[in-house]
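Q: Here's a sequence, model it:
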Amino acid sequence: MVENVWVGVDVGRHAHHAAAVDAHGAILWSRRIRNDQTEIETVLERVADMESVVWAIDMTAPESALLRGVLIAHRQQVRYVPGRVVHSMTGAFAGEGKTDARDAVVIAQTARLRTDLALVAVPDDLAIELELLTGHRSDLVTERTRGINRLRGLLTRSFPGLERCFDYSTLTGLAFITRFATPSAINAATDEDIYDHLRGQGVRRPTIPKMIRAARAAAGGQTIALSGEATTALLVQQAAASLIALTRQIADLDKQIAPVFRRHRHARILESVPGIGTRSGAELVAITGGDFASFGSAAKLAAHAGLAPVPHDSGNRHGTLRRPQRYHRGLRKVFYMAALNSSQRDGPSREFYQRKRREKRSAVHALIALARRLVDVVWALVRDERVWSLSGPGFRQAGPVPAAA
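A: Coordinates of the predicted model:
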């Protein structure tokens with residue numbers, strides 16, 4: 001009788017492929033299952049009598065959400081086999097074909113051979129909600145950045161002087177070009193017309209005279225009308241209106257994220273860390289699932305963020321370190337930006353950064369070292385709120401100090 005079984009699942013959008021192997025690596029069964037609760041539970045019934053069952057999946061993307069939910073609801077042990085591991089392990093087994101069935105077997109065999117694979121857990125409800133909100137915000141910000149670049153390209157084509165005038169990442173600059181996007185449009189308008197338009201768009205009164213002077217100077221420097229100017233101006237106005245709506249949508253989303261984040265049990269702790277605010281704290285909870293303890297240690301959390309260098313020795317070269325190639329880019333960004341922000345304000349973070357600079361570290365390396373230290377601070381605070389207490393712009397020691405980077 002088979003007592004220990006490893007089930008590998010090659011995740012797909014509409015259907016998955018599952019394969020089971022025993023302790024000797026023999027394939028017990030292999031079948032295709034729809035991404036449907038009933039079919040997934042049917043496969044669960046096939047291993048219900050086994051003494052030990054380990055499930056392994058190659059994807060934690062939305063396509064696997066139902067599969068993970070059903071497995072964890074039935075108290076199954078689920079491990080994650082990254083796609084790159086599946087790709088490298090494929091060569092360890094006979095055959096060169098690439099099929100879903102073969103991938104499922106490789107996933108199962110990998111789970112059988114390796115005991116260091118990460119467990120898949122369901123994040124708490126607030127962490128899932130923050131993951132959805134911050135992911136949507138990231139998409140909107142990316143779309144807005146592309147839109148600004150397209151807008152600048154259009155303005156450079158028809159009116160480069162105006163392109164240099166304003167910062168189009170702000171509502172102020174965008175408000176101007178929703179109506180005035182050519183030299184002739186600016187020259188034909190009076191100062192009162194421009195003033196009334198900008199006030200109607202919500203631009204602050206003290207800013208408007210300076211904007212008018214800059215626009216007049218740009219219009220005076222271009223006296224010819226380029227080919228396609230009218231069409232380009234229309235596209236510029238449409239793009240500016242879209243970017244204004246997108247910017248306001250992002251601002252509304254920020255207002256939606258803040259109260260959700262502050263309901264999380266770690267919100268107060270994370271916001272007490274220099275450089276981490278509501279938005280970055282929400283991203284941190286979303287990325288980690290709100291369960292910092294699952295990483296096991298601050299060093300593992302730092303490694304996941306790409307802030308722990310790895311050895312790169314070869315031959316007579318020893319003691320060389322390099323940045324890891326596999327890490328979570330979003331998590332690294334959160335800690336790096338926290339280091340950048342906190343290094344600009346008085347407090348322990350700035351003192352640590354300046355000390356690294358005095359040690360002849362480059363600005364980037366000093367920030368990475370500070371980011372690594374902030375990982376220790378976050379870890380210590382989450383594990384024991386009594387380790388630190390907030391005092392002014394930095395921290396007042398109230399217990400053991402986390403090890404410096």
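
Q: When you work out contacts or count neighbours from here on, use the C-alpha atoms and nothing else.
A: Will do.

Q: From H266, how far out is A127?
A: 11 Å (Cα to Cα, to the nearest Å).

Q: Between the two, which contacts overlap?
A: Common neighbours of A127 and H266, using Cα atoms under 8 Å, 6 or more residues apart in numbering, are G290.

Q: Pick out whichever of the two has more residues nearby.
A: Neighbour tally, A127 and H266, criterion other Cα atoms under 10 Å: the higher count belongs to A127, 24 against 20.

Q: With A267 as the reference, measure out to the more buried one.
A: Separation of A127 from A267 (Cα to Cα) stands at 11 Å.

Q: pLDDT weak spots in the protein?
A: Residue ranges of the chain with pLDDT under 70: 1-2, 384-405.

Q: which residues of it fall in strands?
A: With DSSP state E as the criterion, the chain has strands at 4-10, 15-21, 27-34, 52-57, 77-80, 118-119, 310-311, 321-322, 388-391, 394-397.

Q: For the fourth one, name the packing helices and strands.
A: Counting contacts by 3 or more Cα pairs under 8 Å, 6 or more residues apart in numbering; DSSP states H and E, the secondary-structure elements packed against strand 52-57 are strand 4-10, strand 77-80, helix 100-113.

Q: Buried residues, that strand. List them.
A: By neighbour count on 16 or more other Cα atoms under 10 Å, the buried set for strand 52-57 is 53-57.

Q: and the residue nearest to K356 when sequence neighbours are not counted, how many neighbours does it have?
A: Spatially, and ignoring its direct neighbours in sequence, K356 is nearest to A366 (5.4 Å; Cα to Cα, 6 or more residues apart in numbering). Residues lying near A366 (other Cα under 10 Å) number 23.

Q: In contact with A366: list those residues for me.
A: Per Cα under 8 Å, 6+ apart, neighbours of A366: 353, 356-357.

Q: roughly how far apart are it and G202?
A: According to Cα to Cα, A366 stands 41 Å off from G202.

Q: A56 now?
A: From A56 over to G202 the distance is 54 Å, taken as Cα to Cα.

Q: Likewise for V7?
A: Applying Cα to Cα, the value for V7 to G202 is 59 Å.

Q: quick one: which of these two has more around it?
A: More neighbours surround V7 than the other of V7 and G202, with 28 against 12 (other Cα under 10 Å).

Q: on that earlier part again, wait, which of the contacts of A366 is closest to V43?
A: Y353 (54.6 Å; Cα to Cα).

Q: The closest one: how many residues sit nearby?
A: Number of residues near Y353 (other Cα under 10 Å) recorded here: 25.

Q: can you check D196 too?
A: 14.

Q: Against G296, how distant is it?
A: Counting by Cα to Cα, the gap from D196 to G296 is 60 Å.

Q: what's the answer for A282, then?
A: 21 Å.

Q: same deal with F180?
A: 57 Å.

Q: hmm, back to that, got the buried residues of strand 52-57 as CSV, with distance to A189 columns?
A: Formatted as CSV, these follow (distance: Cα to Cα, whole Å):
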residue, distance to A189
V53, 75
V54, 72
W55, 69
A56, 67
I57, 63
